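**Student:** Pasting the sequence and the predicted model now:
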Amino acid sequence: MRVLIVGSGGREHALAWKVARSPLVSRLYCAPGNAGMASLGECVNIKAMDIPALLAFAKDKGIDLAIIGPESPLIAGIADEFRAAGIPTFGPSRAAAAIEGSKVFAKELMAKYGIPAAEFRVFDDSGEAAAYIERKSGGSDALPIVVKADGEAFGKGVFVCSTKDEALRAIKSIMVDKVFGKSGDRVLIEERLEGQEATLMVITDGRSVVPLAPLQDYKRAYDNDQGLNTGGMGCYSPVPAVPPELYERALETMIVPTLRAMQSEGCPYTGVLYTGIILTADGPKVLEFNARFGDPETQAALPLLETDLVEIIQASLAGSLDSLEIKCYNECAVCVVVASGGYPGEYETGKPISGLDEAGAVEGVTVFHAGTKLQDGQVVTSGGRVLGVTAVGDTFRTAVERAYSAVGRIHFDDMHYRRDIGARVIRET
């Protein structure tokens, strides 16, 4: 098979790493790819949102399977365009990708079909949203509440607020200052739920699901969950707080009902459904849906997957997932994201990276590239999240020690990473 992976981040490098190991694959293309992906396949200088150029390339090369990594082209309808041209494509349609493209769509879907989630209100006027916050506070400064931009915001459009002023600033940032552009034309204001969070990613053909191991990620930029929300600073898998019986409950009460709801709404969902959940005192509830593999969650999930990913994807496209036996390694995975200083705010790029070979030589470690590129034969930084250093071990302690041992071998000017990825799960297990 000739396979095309669309995207250039750590998630796409992990996908390329897994796909390249499949005996079903004879040629791998990555568009646009990154410095790490270049060692696995041919990188093509076409941006992920240039759908006409990607389609022309896929036709020219006789692509047998396209795997779409990022959310933006999915929301824009790339899967529809490719499938209309007869190219098998792994990823939801434009209509189905609205489950991530519009948080309002997702919340209203859950409300209509009784899927457990936080109570919410929707506003398209900043003054009305601010007035609601004032009423909700009842004159108090303390106000635990969540403000979300409706559209895609690359994992940064959620503001978990503790005070009225924080909530009002979030509304201003989203709706007045337009830091997320048109994605902030509407906001959701939700009750703030309390409990541990987890990520459940399933591959689905619209009816059956293949659950990957549960994951827990770290959104805040700094240790001890301080600083701004990011796209993710690390993660680990599996999650002791999500034992098999709880995962099964989540499938029965949230994930499968959502797939049935999408079918009923005329937008059947195929591909990967990412469900962010929170373990409340009243049971698990949905925090968000994403229409693709998570990042950095994919970098921890795929090293634990024993079954050929291409074989799973083929079964998904054929509607035969229920006939496939899936195997995972009985190990632990930890991913530490190495970022540019200043991320998620302003940061510099073009900084030479050293120590990649030494880091990759650590037992159980794979270094996934995210924001990197080749410049005159040297790997340099080209983004906020630069690398995802993933380690696998028979215990969480072993995986954490291996990951940080590898991170310690990497250097570029002003590099930043959290030093507490996996610390919580070591204490708990």
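**Tutor:** In hand now; what should we look at?

**Student:** and Glu306, how many neighbours?
**Tutor:** Residues lying near Glu306 (other Cβ atoms under 10 Å) number 10. Every residue, glycine included, has its C-beta placed from N, CA and C.

**Student:** can you pull the pLDDT of it?
**Tutor:** What the model reports as pLDDT for Glu306 is 97.

**Student:** Ser264: what's it in contact with?
**Tutor:** Neighbour list for Ser264: Tyr113 [criterion: Cβ atoms under 8 Å, 6 or more residues apart in numbering].

**Student:** For the residue nearest in space to the middle of the chain, give me its contacts.
**Tutor:** Centroid check for the chain by Cα atoms, centre = their mean gives Gly294 as the closest residue, at 1.9 Å. Going by Cβ under 8 Å, 6+ apart, Gly294 touches 11, 199, 201, 215, 217, 232, 235, 274, 301.

**Student:** Who is the second one paired with across the strands?
**Tutor:** Thr199 has these beta-bridge partners by DSSP bridges: Leu215, Gly276.

**Student:** quick one: it and Arg21, what's the gap?
**Tutor:** Look at Thr199 and Arg21: by Cβ to Cβ, to the nearest Å, they are 23 Å apart.

**Student:** now the first one
**Tutor:** Using Cβ to Cβ, we find Arg11 at a distance of 17 Å from Arg21.

**Student:** okay, these two: which has more neighbours?
**Tutor:** Neighbour comparison, Arg11 and Arg21: the larger count goes to Arg11, with 26 against 13 (by other Cβ under 10 Å).

**Student:** Leaving out chain neighbours, which residue sits closest to that one?
**Tutor:** Asp295 (3.8 Å; Cβ to Cβ, 6 or more residues apart in numbering).

**Student:** and that neighbour, backbone torsions?
**Tutor:** phi -140, psi 110 (degrees, to the nearest 10).

**Student:** what's the pLDDT at it?
**Tutor:** 96.

**Student:** What strand or helix carries Ile87?
**Tutor:** According to DSSP states H and E, Ile87 maps onto no helix or strand at all.

**Student:** show me what contacts it?
**Tutor:** By Cβ under 8 Å, 6+ apart, the residues touching Ile87 are 55, 58-59, 63, 65-66.

**Student:** quick one: which of those residues sit in helices?
**Tutor:** Using DSSP state H, the subset of the contacts of Ile87 located in helices is 55, 58-59.

**Student:** which residues in the stretch 301-429 of the chain form strands?
**Tutor:** Here the stretch 301-429 of the chain has its strands, by DSSP state E, counting those that start in this stretch, at 332-340, 365-369, 372-375, 378-381, 385-393, 415-416.

**Student:** Output the fourth one as PDB, nothing but the C-alphas.
**Tutor:** The C-alpha coordinates for strand 378-381 follow below in PDB (Å, rounded to 0.1, in the frame of the first residue of the first chain):
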ATOM      1  CA  GLN A 378      20.800  20.300  11.100                       C
ATOM      2  CA  VAL A 379      17.600  19.600  13.000                       C
ATOM      3  CA  VAL A 380      16.300  22.900  14.400                       C
ATOM      4  CA  THR A 381      13.200  24.100  16.300                       C
END
